[in-house]
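1. test case, fold it:
(one chain, ligands or ions: 2)
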Amino acid sequence: MNEILVAQNLKKTYMDGFSKLYVLKGINLSVTKKDLLAITGISGSGKSTLLHLLGALDVPTDGKVYLDGTDVHTMGERELSDVRNRRLGFIFQLYYLLPEFSIFENVLLPAMARGKDKETAERAHSLLERVGLKERMNHYPVELSGGEMQRAAIARALVNSPEIVFADEPTGNLDSKNSRSILDLIIKLNDEEHQVFIIATHEVSIGSVARRTFCLNNGILEPQ
Ligand code: ADP
Ligand code: MG
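-> Numbering: from 1, shown residues only. Ligands and ions are numbered 1, 2, ... in the order given. Next up, the predicted model:
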């Protein structure tokens, strides 16, 4: 089976005062191994909501998410957090690096649950080298530019060798040159490590670098 992540008739409704806000109205999506896909759509169209559901960070109003054939919401909280930590990676617009830790320590953090061993430290080193931050790994986040912080966040997302990486507006805070180099990095990692990347972005030009692009509009996801 080549499908790694499947969304079936996903719906998400929020209460907006006394009325209901139907954000996702029945999303079907099938993600295969090595996929690099983009979900585009205007601000407020529900991209983050969808990414959170696909990454098991939130619960749908209706519908199912299957990871390798298992309905993620049949898992207990402990199993689910283990899945999030080991099998899924997350990259956000605002990086969320911890300011009191060095770049190297930030990258290492998601692996700490397993104990800090030599192999993990080597993986963190090699990832920092791959994202072009070898010289900066003992620096602190405040000393880095936005593009560098996002590179560090990418290395952190990959430290546990997840099968799927979710990136929510990964270039949203970057200028066009840094945006392009972050995208090139994602394409390279997808090529070389075969990690699945699912990128949510409101920028159509970014969507076009993905192998498959979808547009979220009015609660429905359509292939482009
Ligand atoms: P996007 O990421 O495409 O900008 P979001 O998924 O963040 O869109 O939001 C989609 C819609 O759902 C927006 O109208 C937003 O205000 C609303 N929304 C998001 N999260 C919540 C929430 N927790 N409670 C109520 N409404 C929400
Ligand atoms: Mg968003």
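
2. and residue 2, how many neighbours?
-> Residue 2: 9 surrounding residues under other C-beta atoms under 10 Å. Yep, even glycine has a C-beta here, placed from its N, CA and C like the rest.

3. now it. Nearest residue, chain neighbours left out?
-> Excluding the flanking residues, the one nearest residue 2 by C-beta to C-beta, 6 or more residues apart in numbering is residue 32, at 4.8 Å.

4. which parts of the chain sit against ligand 1?
-> Residues of the chain lying near ligand 1 by C-beta under 6 Å from any ligand atom: 14, 21, 23, 41, 43, 44, 45, 46, 47, 48, 49.

5. quick one, what contacts the nearest residue to the fifth one once chain neighbours are set aside?
-> In this case it means residue 43. Residue nearest to residue 43 in three dimensions, not counting chain neighbours: residue 202, with 5.3 Å by C-beta to C-beta, 6+ apart. Contacts for residue 202 were tallied using C-beta atoms under 8 Å, 6 or more residues apart in numbering; they are 40, 41, 42, 43, 47, 169, 172.

6. and the closest residue in space to residue 220 that isn't next to it in sequence, its phi and psi?
-> In space, and not counting its chain neighbours, residue 220 is closest to residue 25: 5.9 Å by C-beta to C-beta, 6+ apart. Torsion angles at residue 25 (phi, psi; degrees, to the nearest 10) stand at phi -110, psi 20.

7. okay, now residue 25: neighbour count?
-> As a burial measure, residue 25 scores 16 neighbours (other C-beta under 10 Å).

8. that one and residue 95, how far apart?
-> According to C-beta to C-beta, to the nearest Å, residue 25 and residue 95 sit 32 Å apart.

9. go on, residue 127?
-> Remark: distance between residue 127 and residue 95 (C-beta to C-beta) = 15 Å.

10. these two: which is more packed in?
-> Taking other C-beta under 10 Å, residue 127 and residue 95 do not tie; residue 127 has more neighbours (25 against 20).
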